[in-house]
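K.L.:
output the structure for:
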Amino acid sequence: MILFKFLILGVLSAMIFPPFFMLPLGFIIFPYLLKLLSDITKKKFFLNYFSFGFFYGLGFLLVFLNWIYNPFLINNETKNIAILGFLLPIFLSLFFGLGFCLFKYLNSKFYLIIFTPFIFLLIEFIISNILYGFPWITYSLILSNNIIGFYLLKYFGLYISSYLILFLFFLPFAFIYSWELEYKKKLIFIIHSPFFIAVIFLFFISNSNDYNQSKKIHIDLFQILSPINNIDKVLVENDIINKIKNSKAEYLIFAENNYPYLVSDFNNISIMKYIKNNQKVIIGSSRIENDKFYNSFLFLEKNKIQSFDKQILVPFGEFLPFRTYLKFMDKITGNIDFTSGTNKRLINSKNINVLPIVCYEIIFNKILKNINENKIDILINITNDSWFGNKLGPYQHFYHSRMRALISNKYLLRVSNNGITSIIDNNGKILNFIDLNKKGKLSEIINIQNSFFYGSIHKLSFIYLIFIFLIYLIYIKYSFKNEK
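P.N.:
Below is the predicted model of the structure:
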């Protein structure tokens, strides 16, 4: 029965994330989770705690990642193995199980209140960085649709934001059981809370004015709904050519792999001859060079071509790890692997410096490295979420992208083949968008501020979080000595 309770709590936890954003649920789910853990005798074995975490994670991930099997349904020959899509939620649930083993050592309500946010954050950190890394599961995503969350994400980054929302969710449990706490324990908890909030707003107030010279650009974003299978290449090509001919914008942006042909020679890109003198066309394509395949971001001008090759590839999507031993998965990934690009993540235009981002690279913090040094003006993310149908995946991907605009403090132009195409400013405001699975064009003149990326503050905030954690550990060790 208790495992079923943890499973249901996991399912309900997914409702707090996009696109649901049922935040009030968090103030019920997490306190009740702590109550369950506090009522459990510490004589339980580690396997019991592992089971609690595994079932909680499984309930959460089966809903949160319910789109993960959809790519198997695209081709008839892979439909019969769609069940393999559930392996990822099961695998990631193991880390929730391992994280919950730490609750074996928390033998009081006070320790539960203090350390549980850190345990959840540790699980997030490990999943985000182990093997190829999967930072899709971040609690900061809960804050990607409200004004308070915008400030936290912009000035303090992912981990502080994740910690704070977890900390707030656990507060009702803290207040209900605070009368049981000894004076010293109650004092350390009370002192820590306002101090944490004060540090946040101190940074916010001291860095509220960060704009320099602005630049105006005229952009057209095209969501063309190019089919994944049985594509009529000539039809797609003609559609793109007509859009280039009829556009008066300076920057025309299409989605990942919208260019319908494999590029083997930059001089033979068919749409080049239709680009006007004042136009820049950004479009995704697959290309081959020295027998290696790349997923490329092309920046085309009348007499100039720049390209960026995707560096963070999707395992089991764009390449098959351990292909020698996993030949049976060729039906899913194909028999050709893409290669990670090595060129610099920077496109220099006459007016702006672009940070090129292909597909799910947008969820990785490392893409923002050197963003200030390279004087990046704007982020451009081209993607194709058609693989994930009408499920939660495209919406979650969109909110991850919105978070990246906030964290980087830059405008983001996001173009998806099937949606959600959008223009998002550096404060997280959605200036315009095209909804999922609708053809359309966004035509805007935007004013880009040359804003500062607070990466150093994000790192300092993370160090501060580690410092607080160590202070708690020292306090506990000191308390144990006194008790003896």
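
K.L.:
and the strands in the stretch 301-450 of the chain?
P.N.:
304-309, 347-348, 353-358, 378-383, 411-416, 421-424, 430-434, 440-449 (DSSP state E, counting those that start in this stretch).

K.L.:
before we move on, what about the stretch 101-250 of the chain?
P.N.:
Taking DSSP E, counting those that start in this stretch as the test, the strands found in the stretch 101-250 of the chain are 214-223.

K.L.:
any stretches of it with poor pLDDT?
P.N.:
For the stretch 101-250 of the chain, residues meeting the criterion pLDDT under 70 lie at 178-213.

K.L.:
from Ser38, how far out is the residue nearest to Ser128 when sequence neighbours are not counted?
P.N.:
With sequence-adjacent residues excluded and distances taken as Cβ to Cβ, 6 or more residues apart in numbering, Ser128 is closest to Pro135, at 3.8 Å. C-betas here are computed from N, CA, C, even on glycine. Separation of Pro135 from Ser38 (Cβ to Cβ, to the nearest Å) stands at 31 Å.

K.L.:
just checking, Met272 touches Leu300?
P.N.:
Yes. Counting by Cβ atoms under 8 Å, Leu300 is a contact partner of Met272 at 6.1 Å.

K.L.:
more neighbours: which of these two?
P.N.:
Neighbours per residue, other Cβ atoms under 10 Å: of Met272 and Leu300, the larger number sits with Leu300, 21 against 18.

K.L.:
A strand includes the more buried one, no?
P.N.:
Yes. Counting by DSSP: H, G, I helix; E, B strand; the rest coil, Leu300 is located in a strand.

K.L.:
and it, what is it in contact with?
P.N.:
Ile269, Ile271, Met272, Ile275, Lys280, Val281, Ile282, Ile283 (Cβ atoms under 8 Å, 6 or more residues apart in numbering).

K.L.:
so what pairs up with it in the strands?
P.N.:
With DSSP bridges as the criterion, Leu300 is bridged to Val281, Ile305.

K.L.:
okay, now the nearest residue to Met15 once chain neighbours are set aside: neighbour count?
P.N.:
Once flanking residues are discounted, Met15 sits nearest to Met22: 4.5 Å by Cβ to Cβ, 6+ apart. Neighbours of Met22 under the rule other Cβ under 10 Å: 13.

K.L.:
how much space between Met22 and Ser13?
P.N.:
The gap separating Met22 from Ser13 is 10 Å, by Cβ to Cβ.

K.L.:
tell me the gap between the biggest helix by length in the chain and the middle of its chain.
P.N.:
Criterion DSSP state H: the longest helix present in the chain is helix 147-177. In terms of Cα atoms, centre = their mean, to the nearest Å, the centre of helix 147-177 is set 18 Å apart from its chain centre.

K.L.:
identify each buried residue in it, please.
P.N.:
149-167, 169-170, 172-174, 177 (16 or more other Cβ atoms under 10 Å).

K.L.:
can you check stretch 430-448 too?
P.N.:
For stretch 430-448, a neighbour-count test (16+ other Cβ under 10 Å) marks Ile430, Phe433, Ile434, Leu436, Lys441, Leu442, Ile446, Ile448 as buried.

K.L.:
Leu442 is in contact with the second one, correct?
P.N.:
When you say that, I think you mean Phe433. Yes. Proximity of Phe433 to Leu442 meets the contact threshold set by Cβ under 8 Å, at 7.4 Å.
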